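# return atomic coordinates for the entry below.
(2 chains)
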2 protein chains.
Amino acid sequence: MALAEHTTKAFDYDLQDLARMIAEMGGLAEKQIVEVIEALTRRDLERARRSVAADAAIDSLQRSIEERAIETIARRQPMAIDLRGVVGVLRISNDLERIGDLAKNIGKRVIALERGDIARRSMRGVRHMASLALVQLRDALDSFARQDLVKAATVRARDEEVDRMYTSMFRELLTYMMEDPGTIASGLHLLFCSKNIERMGDHTTNIAESVQYIVAGYALPNERGRSAVSSMIPIGAGS
Amino acid sequence: MALAEHTTKAFDYDLQDLARMIAEMGGLAEKQIVEVIEALTRRDLERARRSVAADAAIDSLQRSIEERAIETIARRQPMAIDLRGVVGVLRISNDLERIGDLAKNIGKRVIALERGDIARRSMRGVRHMASLALVQLRDALDSFARQDLVKAATVRARDEEVDRMYTSMFRELLTYMMEDPGTIASGLHLLFCSKNIERMGDHTTNIAESVQYIVAGYALPNERGRSAVSSMIPIGAGS
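Got it, this is the predicted structure:
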């Protein structure tokens, strides 16, 4: 990663090192998503347990990136314009750590579900959402590695699709739960898993925004009109 | 806020200004929690709408704090030991922004619920959780303002109580939903509201950890219940 306005070659080296660490952390997060979704769909408790344990490596990397970033600011004393690279990396590492946590929580729910029966029809929807979330994460990390503003913008725009899929899952699970109260417990687990995936999408969008901040100095927005709250829930009639 | 090893009086001023902005942001977050819980329990749609709109002020403050913090690092070029104050403030502002978002989401659910019927018995549990979450937030912000390590540790330890209350709410709502499928829709909204409050508790614990980091240099943990102590970052010769 070579920002145009670098002070010293030493700082260049630090930023490249940070970028490498982000790529490593991103790879671990991607792997976690794949693992827990497989564990969920195959009802694989062992795989789920391994994923939960593997989250520690992601957290550890986040702390290393944080230390390295702070060290870089302290030793190099970069100019304001160089700070964007370091601050952006810090933000991305925070979002990746949250994504890892969300994957771990899905793993924990798989363990809680044990071998209980989950409607296969619902699993398809969850897999579909997870696939899109994974593509989004890969594209966001790619946009960071390549400093690709167009790709970052695409990731941001496509988050709407993740939210729509969540709303769809919500309606579907709600219908099943109302039809058969015996499925409420497992339905809730799946609902929370879907919610976690939707939140992974939000953090991935944050990463894309951080890329825009690092590369072009865009203000880091906190508002995006997101957080899918399913408002179209039938209330009233009969309740 | 006066850390012992300050370089200049100017930096002292910057940190105090940041501390003041954190106190302001914290006050807004506290108010949001009170407002949305009132809106939820009284089924007050107008109050809910105002709260959702009020979140913008919290986000705006977060951006200001971020800008000010970055500006401080760039202009003052503080030594490593001073960076803890600025980095800690950045982290706290991020957690406060997330707490504000969670409150806003509760507000959105109140609007989605409209005037539908929610079991009063469940509302008691939600109010109880929210009260504890509010006390925790006030104590965390207080520990920051007073640089009180003991208070910060108390907040961290008490988060367990918030988690227990959430588990209790979950079981209660699950039982009601299974007894009467007609209550599933509103039950889910309440469940998500409870989840949001539980997550507010997590972010509040993060704030307490950041205070420990700022005041005593504890490593910023991403895992609960782990050891601390980060070594001083060497500066000067060799940079």
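
# in stretch A:131-141, what counts as buried?
With burial defined by 16 or more other C-beta atoms under 10 Å in any protein chain shown, the residues of stretch A:131-141 counted as buried are A:Leu132, A:Ala133, A:Leu134, A:Gln136, A:Leu137, A:Asp139, A:Ala140, A:Leu141. For the C-beta atoms, the positions are set from N, CA and C on the backbone; glycine is no exception.

# now swap in stretch A:51-68 and tell me
A:Ser51, A:Val52, A:Ala54, A:Asp55, A:Ile58, A:Asp59, A:Leu61, A:Gln62, A:Arg63, A:Ile65, A:Glu66, A:Arg68.

# what's the distance between the last one and A:Met21?
Here the distance between A:Arg68 and A:Met21 works out to 7 Å (C-beta to C-beta, to the nearest Å).

# from the buried residues of stretch A:51-68, which land in helices?
Among the buried residues of stretch A:51-68, the subset assigned to helices under DSSP state H consists of A:Ser51, A:Val52, A:Ala54, A:Asp55, A:Ile58, A:Asp59, A:Leu61, A:Gln62, A:Arg63, A:Ile65, A:Glu66, A:Arg68.

# the helix or strand hosting A:Arg121 and chain B in contact?
Taking DSSP states H and E as the definition, A:Arg121 sits inside helix A:120-146. No: Helix A:120-146 is not in contact with chain B by C-beta under 8 Å from any C-beta of the partner chain; minimum separation 15.1 Å.

# so for that helix, what's the average pLDDT?
If you average the pLDDT over helix A:120-146, you get 93.

# next: stretch A:59-71.
Averaging pLDDT along stretch A:59-71 yields 86.

# what about that stretch, near chain B?
Yes: if you take C-beta under 8 Å from any C-beta as the test, stretch A:59-71 does meet chain B, through A:Asp59, A:Gln62, A:Arg63, A:Glu66, A:Glu67, A:Ile70, A:Glu71.

# would you list the residues you listed in CSV and tack on distance to A:Ala185?
Rendered in CSV, the data for these read as follows (distance: C-beta to C-beta, whole Å):
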residue, distance to A:Ala185
A:Asp59, 30
A:Gln62, 33
A:Arg63, 36
A:Glu66, 39
A:Glu67, 42
A:Ile70, 45
A:Glu71, 48
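
# closest to chain B among these?
Using C-beta to the nearest C-beta, A:Asp59 comes nearest to chain B of the residues of stretch A:59-71 next to chain B, at 3.9 Å.

# go ahead and confirm A:Ala133 touches A:Val162.
Yes: distance between A:Ala133 and A:Val162: 6.1 Å, which falls inside the contact criterion (C-beta atoms under 8 Å).

# residues shared between the contacts of these two?
A shared contact of A:Ala133 and A:Val162, defined by C-beta atoms under 8 Å, 6 or more residues apart in numbering or on different chains, is any residue touching both; here these are A:Ile197, A:Gly201.

# what residues does A:Ser93 make contact with?
Counting by C-beta under 8 Å, 6+ apart, the residues that A:Ser93 touches are A:Met21, A:Ile22, A:Met25, A:Leu61, A:Gln62, A:Ile65, A:Glu66, A:Ala69.

# name the element it belongs to?
Using DSSP H and E, A:Ser93 sits within helix A:80-113.

# export stretch A:133-148 to CSV, keeping only CA atoms.
Only the C-alpha atoms of stretch A:133-148 are listed here, as CSV (Å, rounded to 0.1, in the frame of the first residue of the first chain):
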residue,chain,number,x,y,z
ALA,A,133,-21.8,-12.2,2.9
LEU,A,134,-18.7,-14.1,2.0
VAL,A,135,-18.5,-12.6,-1.5
GLN,A,136,-19.0,-9.1,0.0
LEU,A,137,-16.1,-9.7,2.5
ARG,A,138,-13.8,-10.9,-0.2
ASP,A,139,-14.6,-8.0,-2.3
ALA,A,140,-14.1,-5.5,0.6
LEU,A,141,-10.7,-7.0,1.5
ASP,A,142,-9.8,-7.0,-2.2
SER,A,143,-10.8,-3.3,-2.5
PHE,A,144,-8.4,-2.6,0.4
ALA,A,145,-5.5,-4.5,-1.1
ARG,A,146,-5.9,-2.9,-4.4
GLN,A,147,-7.1,0.5,-3.1
ASP,A,148,-10.0,0.1,-5.4
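
# what residues does it touch?
Outside stretch A:133-148, the residues within contact range by C-beta under 8 Å, 6+ apart are A:1, A:19, A:22-23, A:26, A:29-30, A:33-34, A:92, A:99, A:149, A:151-152, A:154-155, A:158-159, A:162, A:197, A:200-201, A:204-205, A:207-208, A:210-211, A:214-215.

# ok, the helix or strand hosting A:Ser186 near chain B or not?
Taking DSSP H and E as the criterion, A:Ser186 maps to helix A:184-216. Yes: among the residues of helix A:184-216, A:Ile184, A:Ala185, A:Leu188, A:Leu191, A:Phe192, A:Lys195 lie within reach of chain B under C-beta under 8 Å from any C-beta.

# and those, which is the shakiest by pLDDT?
Lowest pLDDT among the residues of helix A:184-216 next to chain B: A:Ala185, with 85.

# pretty sure that residue sits against B:Leu174.
Yes: A contact is recorded between A:Ala185 and B:Leu174 when judged using C-beta under 8 Å, the distance being 6.5 Å.

# and A:Leu18, what does it touch?
Contacts were defined as C-beta under 8 Å, 6+ apart; by that measure A:Leu18 touches A:Met1, A:Ile65, A:Arg68, A:Ala69, A:Thr72, A:Gly85, A:Val86, A:Val89.

# now do it against chain B, distance only.
Separation of A:Leu18 from chain B (C-beta to the nearest C-beta, to the nearest Å) stands at 15 Å.

# quick one, grab the pLDDT at A:Arg42.
On the pLDDT scale, A:Arg42 is placed at 89.

# likewise the one 3 residues further on?
Looking at A:Leu45, its pLDDT reads 93.

# A:Lys108 is in contact with that one, correct?
No: when contacts are counted by C-beta under 8 Å, A:Leu45 is not listed as touching A:Lys108 (11.2 Å).

# show me the shaky parts of chain A.
Along chain A, the parts satisfying pLDDT under 70 run over A:1-11, A:74, A:76-81, A:115-119, A:219-239.

# tell me which helix or strand the closest residue to A:Asp44 other than its chain neighbours sits in.
Sequence neighbours aside, A:Glu38 is the residue nearest to A:Asp44 in space, at 6.7 Å (criterion: C-beta to C-beta, 6 or more residues apart in numbering or on different chains). The secondary structure element spanning A:Glu38 is helix A:9-42 (assigned by DSSP H and E).

# chain center to that helix, what's the gap?
Put simply, helix A:9-42 sits 11 Å off its chain's centre (C-alpha atoms, centre = their mean, to the nearest Å).

# show me what contacts A:Arg120?
Taking C-beta under 8 Å, 6+ apart as the definition of contact, A:Arg120 has no neighbours.
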